[in-house]
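> predicted model follows, preceded by the sequence.
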Amino acid sequence: EVQLVESGGGLVQAGGSLRLSCAASGFTFDDYAIGWFRQAPGKEREGVSCISSSDSFTYYADSVKGRFTISSDNAKNTVYLQMNSLKPEDTAVYYCAASPFECGVPLDYWGQGTQVTVSS
């Protein structure tokens with residue numbers, strides 16, 4: 001069974017940090033890029049960050065550049081999103097998703113999401 005399980009969300013004050021985890025199972029992790037997306041109430045889902053299967057390419061949305069860092073631990077089949085200097089506008093449900101090898105191609109698998117709430 002394919003699973004992407006996010007964890008690490010929670011409530012944090014503005015300026016604080018959280019580290020999200022996306023644990024993958026049921027597919028060949030090394031053959032997939034992993035992306036992070038978020039959706040705030042009443043807003044469209046947006047891509048936040050992505051790391052290619054080879055770890056050679058990373059993407060960050062302009063809104064998170066310099067604050068968020070994506071990394072991958074292939075031994076643990078887990079991708080992390082370190083989020084620093086959090087702002088209230090970062091409040092959203094964060095999802096991870098997998099696409100074959102590259103970022104920006106159609107996604108095969110999605111996680112269930114984890115809530116991040118940043119208070120002002």
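Sure, I can see it. Residues are numbered from 1 along each chain as shown.

> quick check: which element contains the spatially most central residue of the chain?
Centroid-nearest residue in the chain: residue 36, 2.7 Å away (criterion: Cα atoms, centre = their mean). Using DSSP states H and E, residue 36 sits within strand 32-39.

> show me what that strand is packed up against.
Packing partners of strand 32-39 (3 or more Cβ pairs under 8 Å, 6 or more residues apart in numbering; DSSP states H and E): strand 18-25, strand 46-51, strand 78-83, strand 92-100. All C-beta spots, glycine's among them, are computed from the backbone N, C-alpha and C.

> centre of the chain versus the longest one, how much separation?
Looking back up the chat, that one is strand 92-100. Relative to its chain's centre, strand 92-100 lies at 6 Å (Cα atoms, centre = their mean, to the nearest Å).

> same question for it: list its buried residues.
Within strand 92-100, the residues scored as buried using 16 or more other Cβ atoms under 10 Å are 92, 93, 94, 95, 96, 97, 98, 99.

> I'd like these as JSON lines, with distance to residue 25 and pLDDT appended.
Converted to JSON lines, the buried residues of strand 92-100 look like this (distance: Cβ to Cβ, whole Å; pLDDT from 0 to 100):
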{"residue": "92", "distance to residue 25": "25", "pLDDT": "98"}
{"residue": "93", "distance to residue 25": "21", "pLDDT": "98"}
{"residue": "94", "distance to residue 25": "19", "pLDDT": "98"}
{"residue": "95", "distance to residue 25": "16", "pLDDT": "98"}
{"residue": "96", "distance to residue 25": "13", "pLDDT": "98"}
{"residue": "97", "distance to residue 25": "15", "pLDDT": "98"}
{"residue": "98", "distance to residue 25": "11", "pLDDT": "97"}
{"residue": "99", "distance to residue 25": "17", "pLDDT": "96"}
